[in-house]
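Visitor: Sharing a model prediction with you, sequence too.
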Amino acid sequence: MNAVILAAGKSTRTYPLTVNKPKSLLKVANKHVIKYNLDALKGLVKEVIIVVGFCKDMIKAELGNEYEGMKIIYAEQEEQLGTGHALLAAEPFVDERFFVMMGDDIYSKEDIRKLLMHRCAVSAKKVSDPSSFGIWIVENGLVRGYEEKPENPRSDLANPGLYVLTRDIFPHIRSLQKSPRGEYELNEAVNNLAKDIDIHCVEIEGWIPIGYPWDVLDANEKILESHKGIVKGLIEEGVVIKGEVSIGMNTLVKSGSYIEGPVIIGDNCVIGPNCHIRPKTSIGNDCHIEFGVQIKNSVIGDGVNIKHLSYIGDSVIGDNVNIACGTITANLRHDGNSVSSFVKGQKIDTKRRKFGTVIGEGAKTGIGTLIYPGRKIWPGKTTLPGEVVKDDIM
């Protein structure tokens with residue numbers, strides 16, 4: 001049996017993190033999203049077909065042709081026309097029965113095993129706001145319908161994006177009409193196939209969705225809940241480490257620094273002196289966190305420099321960003337309400353009481369920059385010394 005990972009699309013809802021990279025290559029707790037899914041497949045399938053499109057060469061360069069003993073085959077979706085269209089690209093390579101998953105959310109091995117107990121199956125997860133999701137309609141454990149973000153949902157079973165299918169799906173994909181958003185939807189084809197054969201609906205628990213930039217923080221928190229620390233770097237005298245903390249190879253933590261786990265710090269970093277790294281923080285490789293910096297509940301990319309006396313809270317910082325001294329991320333509204341952020345021109349409630357900023361790769365802040373909660377800075381953009389960022393910088 002083999003598996004298909006759909007990783008061809010360009011995610012605009014997760015801008016500015018995915019302007020120049022596919023969402024499957026975002027890092028959570030210092031590990032690429034797609035690698036969590038490859039690890040979940042390990043031991044369950046013999047090979048993986050990855051459908052690529054946007055930034056395909058980045059994915060190929062990162063993964064190569066083999067992962068932990070599993071052969072990797074790449075199928076190209078030249079034009080991104082939806083999940084059904086993407087699966088057609090993998091048709092020449094799949095077995096009679098095969099597994100399908102999205103490449104940009106995180107799933108568990110236990111949930112995959114549950115689906116594989118059936119010849120054909122889809123995954124489902126009960127949600128409190130079903131009108132925000134694609135919804136399965138189920139009777140006696142079998143798929144009986146599908147609705148995409150219905151105003152009046154008939155079910156609370158969201159579709160996380162895991163499937164066990166047979167090659168019978170392909171004629172149904174070919175007969176699809178474009179959806180209102182101009183795509184050929186795999187879920188509609190599955191719904192049509194369910195009229196011919198039994199497709200079981202399996203409720204899962206380990207789904208970590210990443211739909212918006214701030215979902216990276218939620219994913220990071222969940223992964224770190226089970227993290228077990230290991231220290232490989234050099235720790236100077238006078239450093240305090242509490243809880244589950246991992247410190248990578250050739251990383252130096254200077255005197256006076258205080259680190260409260262769960263925390264992951266990558267390889268070849270310099271931390272301190274006198275830094276405070278608070279819980280649920282991930283810091284990538286080749287980072288320099290200077291004197292008097294406090295970081296809390298944040299995801300810091302590779303090659304990031306955070307200069308002295310800065311505060312980064314509840315934020316996602318892309319690769320190779322330079323945070324100038326005295327940069328402050330505000331992360332809390334005065335009224336205590338959840339922070340909102342604009343996505344594609346629409347104001348979205350993040351449902352997070354605390355949320356700082358999202359900064360795209362290669363951006364730079366000027367000294368003394370202040371960033372309002374929920375504001376974002378696009379890749380390569382800059383701020384002036386003393387600038388107050390009240391709106392997204394695009």
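Guide: Yep, that arrived.
Visitor: Count the neighbours of residue 347 for me.
Guide: The tally of other residues near residue 347 (other Cβ atoms under 10 Å) stands at 9. (Glycine included, C-beta is placed from N, CA and C.)
Visitor: Quick check: neighbours of the stretch of helix or strand it belongs to in the sheet, parallel or antiparallel?
Guide: Taking DSSP states H and E as the criterion, residue 347 maps to strand 346-352. Strand 346-352 has its sheet partners listed here by DSSP bridges as strand 339-343 (antiparallel).
Visitor: how about the strand it pairs with: buried residues?
Guide: By neighbour count on 16 or more other Cβ atoms under 10 Å, the buried set for strand 339-343 is 339-341, 343.
Visitor: What of stretch 59-69?
Guide: In stretch 59-69, counting by 16+ other Cβ under 10 Å, buried: 59, 63, 67.
Visitor: okay, it in CSV with CA atoms only?
Guide: Written as CSV, here are the backbone C-alpha positions of stretch 59-69 (Å, rounded to 0.1, in the frame of the first residue of the first chain):
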residue,chain,number,x,y,z
ILE,A,59,10.1,20.4,-1.2
LYS,A,60,12.2,18.1,-3.4
ALA,A,61,15.4,19.7,-2.0
GLU,A,62,14.3,19.2,1.6
LEU,A,63,13.0,15.6,1.3
GLY,A,64,14.9,14.0,-1.6
ASN,A,65,13.8,10.6,-2.9
GLU,A,66,13.7,8.7,0.4
TYR,A,67,12.6,9.3,4.0
GLU,A,68,13.2,6.9,6.8
GLY,A,69,13.1,3.9,4.5
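Visitor: Identify, from the buried residues of strand 339-343, the entry nearest to residue 36.
Guide: Nearest to residue 36 among those: residue 343, at 23.9 Å, using Cβ to Cβ.
Visitor: Kindly check the end-to-end length of stretch 374-391 for me.
Guide: 9 Å (Cα to Cα, to the nearest Å).
Visitor: same question, stretch 274-294
Guide: One end of stretch 274-294 sits 9 Å from the other (Cα to Cα).
Visitor: roughly how far is that stretch from the heart of the chain?
Guide: 21 Å (Cα atoms, centre = their mean, to the nearest Å).
Visitor: What average pLDDT does it get?
Guide: The predicted model assigns stretch 274-294 a mean pLDDT of 99.
Visitor: Helices of the chain, residue ranges please.
Guide: With helices called from DSSP state H, the chain shows them at 33-41, 56-63, 83-90, 109-116, 169-174, 186-193, 215-224.
Visitor: what packs against the first one?
Guide: Applying 3 or more Cβ pairs under 8 Å, 6 or more residues apart in numbering; DSSP states H and E, one finds that helix 33-41 makes contact with strand 2-7, strand 47-52, helix 56-63, strand 97-102, helix 109-116.
Visitor: With just CA atoms, put it into PDB.
Guide: The C-alpha coordinates for helix 33-41 follow below in PDB (Å, rounded to 0.1, in the frame of the first residue of the first chain):
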ATOM      1  CA  VAL A  33       5.000  20.100   9.000                       C
ATOM      2  CA  ILE A  34       5.300  17.600   6.200                       C
ATOM      3  CA  LYS A  35       7.900  15.600   8.200                       C
ATOM      4  CA  TYR A  36       5.500  15.100  11.000                       C
ATOM      5  CA  ASN A  37       3.200  13.400   8.500                       C
ATOM      6  CA  LEU A  38       5.900  11.400   6.900                       C
ATOM      7  CA  ASP A  39       6.800  10.200  10.400                       C
ATOM      8  CA  ALA A  40       3.200   9.300  11.000                       C
ATOM      9  CA  LEU A  41       3.200   7.200   7.800                       C
END
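Visitor: List the buried residues of that helix.
Guide: Buried-residue list, helix 33-41, by 16+ other Cβ under 10 Å: 33-38, 40-41.
Visitor: what bits of the stretch 151-300 of the chain have low per-residue confidence?
Guide: For the stretch 151-300 of the chain, no stretch has pLDDT under 70.
Visitor: ok so, going back, looking at the helices and strands packed on helix 33-41, which is nearest to residue 277?
Guide: Nearest to residue 277, of the helices and strands packed on helix 33-41 and by Cβ to Cβ, is helix 56-63 at 26.9 Å.
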